[in-house]
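K.L.:
pasting the structure only:
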Ligand code: CMP
């Protein structure tokens, strides 16, 4: 295991329901460090670009509409095995299948409004972090 960086997004349903502090706290308690964070409104074009890999899926339009329906919190997390650790903290994409004690099990409303996004691999993490943060915004 090595020190990795990963991108987390607290989606509009999480921000709207005042869950930002609780979710960031879970990351910190698990030993992940916040190396950059900001609240933004994603434009429709940014959402489409971010989720381009899903552009052929039937839920793509709904997903992009949702991601720009309100502010989101984008965070770069760093730590030992950060990508998997974040995915374990989030739980399965579908909250109905998420394990007890995970963010999605505890907070999420549906597979679409599933509160958090996290990078799934080292290469995607690099691309996703660079999508929202300049290198100079990441604290060393
Ligand atoms: P996320 O981890 O952000 O990556 C892609 C997102 O697409 C996923 O979380 C879900 O929110 C969303 N998604 C995946 N499958 C479906 C689906 N069947 N219906 C609606 N949204 C979905």
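P.N.:
Happy to help now that I have it. Given the structure is predicted, the values throughout are model-derived calculations rather than measurements. Numbers count the residues shown, from 1 in each chain.
K.L.:
please count neighbours and contacts with C-alpha atoms only from this point.
P.N.:
Fine.
K.L.:
who's in contact with residue 44?
P.N.:
Applying Cα atoms under 8 Å, 6 or more residues apart in numbering, we find residue 44 in contact with 64, 65, 67, 68.
K.L.:
at 10 Å instead, please
P.N.:
Taking Cα atoms under 10 Å, 6 or more residues apart in numbering, we find residue 44 in contact with 50, 61, 64, 65, 66, 67, 68, 69.
K.L.:
report pLDDT for it.
P.N.:
Predicted confidence (pLDDT) for residue 44: 98.
K.L.:
do I have it right that residue 9 meets residue 73?
P.N.:
Yes - counting by Cα atoms under 10 Å, residue 9 does reach residue 73; the two are 5.5 Å apart.
K.L.:
common neighbours of these two, please.
P.N.:
Residues touching both residue 9 and residue 73 (Cα under 10 Å, 6+ apart): 37, 38, 39, 116.
K.L.:
need these in a markdown table with neighbour count and pLDDT, can you?
P.N.:
Shown next, in a markdown table, are the shared contacts of residue 9 and residue 73 (neighbours: other Cα atoms under 10 Å; pLDDT from 0 to 100):
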| residue | neighbour count | pLDDT |
| --- | --- | --- |
| 37 | 19 | 98 |
| 38 | 12 | 98 |
| 39 | 14 | 98 |
| 116 | 25 | 99 |
